[in-house]
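from the sequence below, what's the structure:
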Amino acid sequence: MKIILAEKVSPATLAVFREQPDWQVLTADQVEGHLPQELADADALIVRSAVKVTAALLEHANQLRVIGRAGIGVDNIDLDAATRKGIAVMNTPGANAVAVAEHTLGLMLSLARHLARANELTKAGKWEKKSLEGTELRGKTLGIVGLGRIGMEVARRARAFGMICIAHDPFVSPEIARDNGVALHSVDEVLAAADYLSLHLALTPQTHGFVNSAAIATMKKGVRIVNCARGELIDEQALCAGIAGGQVGGAALDVFPQEPPTNSLLLKLDNVIVTPHIAGSTREAQEAVGVQIAQQVKEYLARGVIQNAVNVPSVSYEEYVEMQPFLVLAERLGAFLVQAIGTASGVREISLRYKGRIANWKTTLLRNAATMGVLHSMLAEEANLVNAATLAESRGIRIRESATEKTSGAAGDVISIALKTGDCEHSAAGTVLHGTSPRLLQFGDIDIEAPLAHDLLFLRNKDVPGVVGRVGTILGEHQVNIANFSLGRAETYQSEANHSSQQAVVVVQVDSRVPEDALAELRKIPAVTVAKAIHLG
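Purely as a prediction, here's the structure:
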């Protein structure tokens with residue numbers, strides 16, 4: 001085997017590969033300036049974030065089997081190009097969780113004890129003990145939004161300081177949280193009770209601008225906000241206003257919407273501590289991610305064991321081409337169902353049923369795609385085709401599957417998803433039409449045929465005259481163009497007298513996201529019971 005380490009790695013990383021005496025290992029110094037040529041006969045490529053693995057670069061990789069990313073982000077790797085060439089792409093999620101958690105606690109201590117200002121004043125020859133009086137973390141309530149690997153590590157360390165830990169994460173079971181000394185609450189309850197608020201969310205359309213003016217208004221006066229996740233989670237103008245008005249007592253930020261944050265107003269505020277996106281940058285974390293990716297790549301090359309893959313490495317390219325539209329369907333169907341029912345809080349079971357020829361496929365991939373759609377928008381960690389089921393299991397969510405080759409109706413291959421939340425069950429079914437178009441076939445017991453496109457408007461309403469026209473008018477007034485309008489309604493009613501109580505579903509494909517003020521108007525229509533904007537990646 002020939003292994004290329006295209007960027008600097010620790011000696012421990014090199015040692016993992018050199019345990020194999022017949023493997024050739026080339027370091028960054030050895031391949032500098034010659035990476036395309038060296039890739040021609042390489043079996044594995046290890047990168048961090050600096051090397052861009054583009055489709056053009058991969059054209060030189062004639063026998064490359066795996067790309068290992070020492071870290072979690074894979075933005076520097078062309079996943080589609082790698083998949084087309086049958087190259088597995090792996091990353092190392094969670095390897096820097098402790099580093100990020102420790103940095104989070106360090107920022108909290110800095111806020112509590114004014115450490116940054118104390119350092120500056122003392123070095124300037126000022127001995128201002130009185131103005132630097134701080135507060136203790138002991139007895140304070142820490143609100144954690146996103147209780148994944150990093151959030152859980154933060155909670156464990158905060159408890160050692162005597163803090164009261166509460167959290168919101170719809171996919172963590174109360175039992176798992178309780179075992180780690182954390183009480184689960186709604187988002188509103190966490191925001192209202194927290195003395196310190198720590199964000200550990202993935203960036204999604206739903207979490208973008210999570211900390212905004214409305215959220216800040218519900219927080220405890222004097223709350224201190226810490227963000228070591230993604231800069232886009234915070235509306236910077238709203239945070240500035242909150243600090244200026246005294247609602248927010250301070251903030252500590254390691255991440256920003258634009259990096260470096262040269263024009264950020266937050267840099268001018270005294271009670272804001274900033275660091276240059278270094279939460280995960282410790283010697284130990286960097287070594288951990290290097291050793292972990294080396295072990296994963298070695299296992300794949302030596303035994304075919306796949307760990308933490310972010311594409312579809314376990315099928316041939318021909319199989320992938322055939323399966324890919326149904327992977328998209330499964331993911332979008334799961335995401336649609338979660339967003340349509342309005343909450344994933346309390347989901348305890350995901351049931352999947354496959355009908356038609358797809359029942360004989362490697363349904364693990366379909367299962368993980370559907371689970372990924374359910375989980376993806378609400379996790380601090382990225383759910384993917386490999387780790388989705390594991391993430392669900394860690395949050396106490398069961399996954400059940402069944403398959404049958406027998407089908408009914410015009411659709412030959414159908415995927416059905418049911419989510420159990422407490423005593424309720426919500427379901428949806430879909431298929432692929434024209435080879436590439438994912439379509440919704442059923443929502444609950446209502447038949448409806450609608451495209452599972454990127455931006456949708458979902459309505460539940462009483463089936464009475466005037467609803468369709470009013471919906472179209474409101475969308476038009478808000479400059480939202482309709483691409484497709486689909487209707488479905490319950491089939492059973494006994495007479496015209498009962499017609500007004502018949503339930504209906506509307507799915508509108510739109511060319512842009514439906515704004516919140518338009519949704520507010522739609523909800524005022526007397527016959528409308530639910531109006532939601534749905535975005536599918």
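
let me see the ranges of the helices in the stretch 301-450 of the chain.
Using DSSP state H, counting those that start in this stretch, the helices found in the stretch 301-450 of the chain span residues 317-341, 363-375, 388-394.

against which helices or strands is the first one packed?
With contacts defined as 3 or more C-beta pairs under 8 Å, 6 or more residues apart in numbering; DSSP states H and E, the secondary structure elements packing on helix 317-341 are helix 79-84, strand 347-355, helix 363-375, strand 414-421, strand 424-433, strand 437-443, strand 455-462, strand 528-535. C-beta coordinates here come from the backbone N, C-alpha and C atoms, glycine included.

quick check: angle from the longest one to helix 317-341?
Angle between the axes of helix 363-375 and helix 317-341 is 30 degrees (criterion: axes from the mean of the first three to the mean of the last three C-alpha atoms, to 10 degrees).

show me what helix 363-375 packs onto, helices and strands only.
By 3+ C-beta pairs under 8 Å, 6+ apart, helix 363-375 packs against helix 317-341, strand 347-355, helix 388-394, strand 398-404, strand 414-421.

what lines up beside the last one in the sheet?
Right, the one you point to is strand 414-421. When pairing is defined by DSSP bridges, strand 414-421 lines up against strand 347-355 (antiparallel), strand 424-433 (antiparallel).

P260 is nearest to which of those?
With C-beta to C-beta as the measure, strand 347-355 is the member of these nearest P260 (39.2 Å).

can you give me the mean pLDDT across the closest one?
Mean pLDDT, strand 347-355: 92.

and the helix-or-strand element of the chain with minimal mean pLDDT, which residues are buried?
Using mean pLDDT, DSSP states H and E, helix 388-394 stands out as the lowest-scoring helix or strand of the chain, at a mean of 79. Within helix 388-394, the residues scored as buried using 16 or more other C-beta atoms under 10 Å are 388-389, 391-392, 394.

same question, stretch 217-228
Applying 16+ other C-beta under 10 Å to stretch 217-228 flags 219-220, 223-228 as buried.

quote the end-to-end distance of that stretch.
Taking C-alpha to C-alpha, to the nearest Å, stretch 217-228 runs 22 Å from one end to the other.

chain center to that stretch, what's the gap?
Once both centres are worked out by C-alpha atoms, centre = their mean, to the nearest Å, stretch 217-228 turns out to sit 22 Å from its chain's centre.

repeat that for stretch 326-337.
So, by C-alpha atoms, centre = their mean, the centroid of stretch 326-337 is 15 Å from its chain's centroid.

export it as CSV, just CAs?
Extracted in CSV, the C-alpha atoms of stretch 326-337 (Å, rounded to 0.1, in the frame of the first residue of the first chain):
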residue,chain,number,x,y,z
PHE,A,326,-33.9,6.7,-3.4
LEU,A,327,-31.3,7.8,-0.9
VAL,A,328,-32.4,11.4,-1.7
LEU,A,329,-36.0,10.3,-1.3
ALA,A,330,-35.4,8.7,2.1
GLU,A,331,-33.5,11.7,3.5
ARG,A,332,-36.1,14.2,2.2
LEU,A,333,-39.0,12.1,3.4
GLY,A,334,-37.6,11.9,6.9
ALA,A,335,-36.8,15.6,6.9
PHE,A,336,-40.3,16.5,5.6
LEU,A,337,-42.1,14.4,8.2
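
got the contact list for that stretch?
Residues from elsewhere that reach stretch 326-337, judged by C-beta atoms under 8 Å, 6 or more residues apart in numbering: 312, 350, 352, 358, 361, 365-367, 369-374, 376-377, 385, 413, 415, 417, 419, 426-432, 438-440, 452, 456, 458, 534, 536-537.

circling back: identify the farthest-apart pair in the buried residues of stretch 217-228.
Most distant of the buried residues of stretch 217-228, by C-beta to C-beta, are K220 and C228, 20.8 Å apart.

so which residues of the stretch 201-350 of the chain form strands?
For the stretch 201-350 of the chain, the strands defined by DSSP state E, counting those that start in this stretch cover 223-227, 248-253, 272-274, 347-355.

stretch 372-379 - what's its average pLDDT?
Averaging pLDDT along stretch 372-379 gives 75.

how far off centre is stretch 167-184?
18 Å.

list the buried residues of that stretch.
For stretch 167-184, burial by neighbour count (16+ other C-beta under 10 Å) applies to 167-173, 176-177, 180, 182, 184.

likewise stretch 33-50?
35, 38-39, 42-48.

could you do stretch 159-167 as well?
Using 16+ other C-beta under 10 Å as the test for burial, stretch 159-167 gives 161, 163-167.

please apply the same query to stretch 74-84.
74, 77-79, 81-83.

run the chain-centre distance for it.
That offset, for stretch 74-84, works out to 18 Å (C-alpha atoms, centre = their mean).

stretch 426-442 too?
Using C-alpha atoms, centre = their mean, the offset of stretch 426-442 from its chain centre is 23 Å.

then stretch 244-262?
22 Å.

what sits up against that stretch?
With contacts defined as C-beta under 8 Å, 6+ apart, stretch 244-262 is touched by 103, 107-108, 110-111, 216-217, 219, 221-232, 234, 236, 239, 242-243, 264, 266-267, 269, 271-279.

which members of the buried residues of stretch 167-184 are positioned in strands?
Members of those lying in strands (criterion: DSSP state E): 167-168, 184.

which among those gets closest to P515?
P515 has its nearest neighbour among those in H168, at 25.3 Å by C-beta to C-beta.

specify the beta-bridge partners of that closest one.
Beta-bridge partners of H168, as defined by DSSP bridges: V145.

would you confirm that it contacts V190?
Yes - contact between H168 and V190 holds when scored by C-beta atoms under 8 Å: they sit 4.7 Å apart.

residues in contact with the residue nearest to D169 when sequence neighbours are not counted?
Nearest non-adjacent residue to D169, counting by C-beta to C-beta, 6 or more residues apart in numbering: L147, 3.8 Å away. Going by C-beta under 8 Å, 6+ apart, L147 touches 155, 167-169, 172, 177, 182, 184, 200, 380.

out of those residues, which one has the weakest pLDDT?
A380 (45).

hmm, back to that, of the buried residues of stretch 74-84, which is the nearest to A95?
Out of the buried residues of stretch 74-84, the member with the shortest distance to A95 (by C-beta to C-beta) is V74, at 14.1 Å.

pLDDT score for that closest one?
Predicted confidence (pLDDT) for V74: 82.

just checking, it touches V310?
Yes - between V74 and V310 there is a contact under C-beta under 8 Å: 5.6 Å.

who touches both of the two?
89, 91.

one step back: let's have the buried residues of stretch 74-84 in TSV, adding distance to V31.
TSV is the format used below for the buried residues of stretch 74-84 (distance: C-beta to C-beta, whole Å):
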residue	distance to V31
V74	21
I77	17
D78	19
L79	22
A81	20
A82	19
T83	24
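
just the contacts of stretch 244-262: which are in helices?
Secondary structure from DSSP state H places 103, 107-108, 110-111, 216-217, 236, 239, 242-243 of the contacts of stretch 244-262 in helices.

which of those residues are buried, as a PyMOL select command?
PyMOL command restricting the ones in helices among the contacts of stretch 244-262 to the buried ones, with burial defined by 16+ other C-beta under 10 Å:
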select buried, resi 103+107+108+110+111+216+236+239+242+243
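
pipe the buried residues of stretch 33-50 into CSV and attach secondary structure per row.
As requested, the buried residues of stretch 33-50 are arranged in CSV below (DSSP: H, G, I helix; E, B strand; the rest coil):
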residue, secondary structure
L35, helix
E38, helix
L39, helix
A42, coil
D43, coil
A44, strand
L45, strand
I46, strand
V47, strand
R48, coil
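
need the max-distance pair from these.
The widest separation within the buried residues of stretch 33-50 (C-beta to C-beta) is 19.1 Å, between D43 and R48.

how about the helices in the stretch 1-150 of the chain?
11-18, 28-31, 35-39, 55-58, 79-84, 97-113, 115-123, 149-160.
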